[in-house]
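A.B. asks: How does the following fold in three dimensions:
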Amino acid sequence: MSLPTPTLQTERLRLRPVTDADADALFALHGDAHVLRYWDSPPWTERARADRFIAACRQIADDGSGARLVIEGASDGDFLGWCGLTSYNADFRSASLGYVLTEAAWGHGYATEAARALLAWAFDTLDLNRVQAEADTRNAASARVLEKLGFVHEGTLREDCIVDGDVSDSWVYGLLEREWRAASAPA
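C.D. replies: Just a heads-up that it's a prediction; the model follows:
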């Protein structure tokens, strides 16, 4: 079952399907060791990784297991990063949220704005009951994004990632549909 990857518009952002034209920007993003210091894999060193990532984005849409979207500025089209849902399971009505933004995009609320738009689409279109997300315990900024979106800290995965010999823990967050609806309801 294919999952159509949407194009979404917010006040400041446009979220759209990943294309081949994004390869250089994706390589620069995932090649930045500072940006990826809390990521669960080392920075990319080969440009071919970007092509494989783009192919994987198409594959998860084709097999119905997720959707990844490029985040760009609505006014200028500048590449800011990407966000996505993976591990979509229609039977369990669940998925996992992930995102990564360029360092220049940090601190502007773009991750929250993009993820909020993606979650609205997902809860409305995919009939989700639960979305899960993980953040490295050293990544307080990502934890704040998830909390702003209404995610609840559910626990810690101890020593779940080892990247370049660096062992780290991850926080697990969950967001239920009823919590999303209550937080999104007009006041």
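A.B. asks: Run through the strands of the protein in chain order.
C.D. replies: Ranges of strands in the chain, per DSSP state E, are 8-9, 13-17, 67-73, 79-89, 94-101, 130-136, 152-163, 166-176.
A.B. asks: most tightly surrounded among those strands?
C.D. replies: strand 67-73 (a mean of 23; mean count of other CB atoms under 10 Å). No exception for glycine: its C-beta is placed from N, CA and C like everyone else's.
A.B. asks: Can you tell me the closest non-neighbouring residue to residue 54?
C.D. replies: Leaving out its chain neighbours, the residue that sits closest to residue 54 by CB to CB, 6 or more residues apart in numbering is residue 18, at 5.5 Å.
A.B. asks: how about that neighbour, what does it touch?
C.D. replies: By CB atoms under 8 Å, 6 or more residues apart in numbering, residue 18 lies in contact with 26, 53-54, 57-58, 68-70, 82.
A.B. asks: out of those, who's nearest residue 113?
C.D. replies: residue 69 (12.5 Å; CB to CB).
A.B. asks: Spatially nearest residue to that closest one, not counting backbone neighbours?
C.D. replies: Residue 69 sits nearest to residue 15 (CB to CB, 6+ apart), 4.1 Å away.
A.B. asks: so how far is residue 99 from the residue nearest to residue 54?
C.D. replies: As judged by CB to CB, to the nearest Å, residue 18 and residue 99 stand 13 Å apart.
A.B. asks: Residues that sit against both of those two, list them.
C.D. replies: Common neighbours of residue 18 and residue 99, counting by CB under 8 Å, 6+ apart, are residue 82.
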